[in-house]
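# here is my input; please provide its structure:
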Amino acid sequence: MSEVRPNVTMIAAVGRNGVIGDGETMPWHLSEDLKFFKRTTMGHPMVMGRRTFDSMGALPGRRSVVVTRSRDWSHDGVEVAHSVEEALDLVAGDGEVFVVGGGEVYRLALPYVARLVITEVDQSPEGSVTFPEIDPEDWVETSREARTGFAWVTYERSSRPPEAR
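Sure, this is the predicted structure:
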């Protein structure tokens, strides 16, 4: 059974319809949000899937751990894990860790995450990659900062244990 790790945060930009991309790119370019992402993740390890890594590469000032099924995939300066659990074990003890995508990695990592940092984008783009549903039984909104066309929203995992729900 997976258990929540207090230092694991998920960060994502999500459309009103749950879409985060089309498998290759994000459906929007919000420079203010990209700066927010950089500020928020700088100096912290980032866990991501291989396709997410392919779309953004290794970002300066952040340790990159790529989750891939491929046993022979490698990239200079990047650590490789073959499961979300293995990736989180690699960065255990590194302070706050950010799970940065994509859709499958978000779904697999969700049981381990204590906090969500979501950019709620005021668009409903077409796309095949979605963010998992944020269930109000599991998550409590703790802050919201409205911007033009989007909002930065933080959720904390509910303190109620699963068996009490």
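
# centre of the chain to stretch 64-79, how far?
Chain-centre distance of stretch 64-79: 17 Å, with C-alpha atoms, centre = their mean, to the nearest Å.

# where does the chain have low pLDDT?
Scanning the chain for pLDDT under 70 picks out 1-2, 159-165.

# helices of that one, start to end?
31-41, 50-56, 84-90, 103-109 (DSSP state H).

# those helices: which one's closest to S143?
helix 31-41 (12.8 Å; C-beta to C-beta). (Each C-beta comes from the backbone N, C-alpha and C, glycine too.)

# buried set for that closest one?
33, 36-37, 41 (16 or more other C-beta atoms under 10 Å).

# which one of these is nearest V113?
V113 lies nearest to T41 out of the buried residues of helix 31-41, by C-beta to C-beta, at 14.6 Å.

# beta partners of the closest residue to the closest one other than its chain neighbours?
Of all residues beyond its chain neighbours, the one nearest T41 is F98 (4.9 Å), with distances taken as C-beta to C-beta, 6 or more residues apart in numbering. Beta-bridge pairing of F98 under DSSP bridges involves T9, M46.

# before we move on, back to that, of all the helices of the chain, which one comes closest to R5?
Closest among the helices of the chain, once you apply C-beta to C-beta, is helix 84-90, at 6.3 Å.

# ok, residues contacting stretch 137-147?
The contact list for stretch 137-147 (C-beta atoms under 8 Å, 6 or more residues apart in numbering) reads 32, 116, 151-158, 165.
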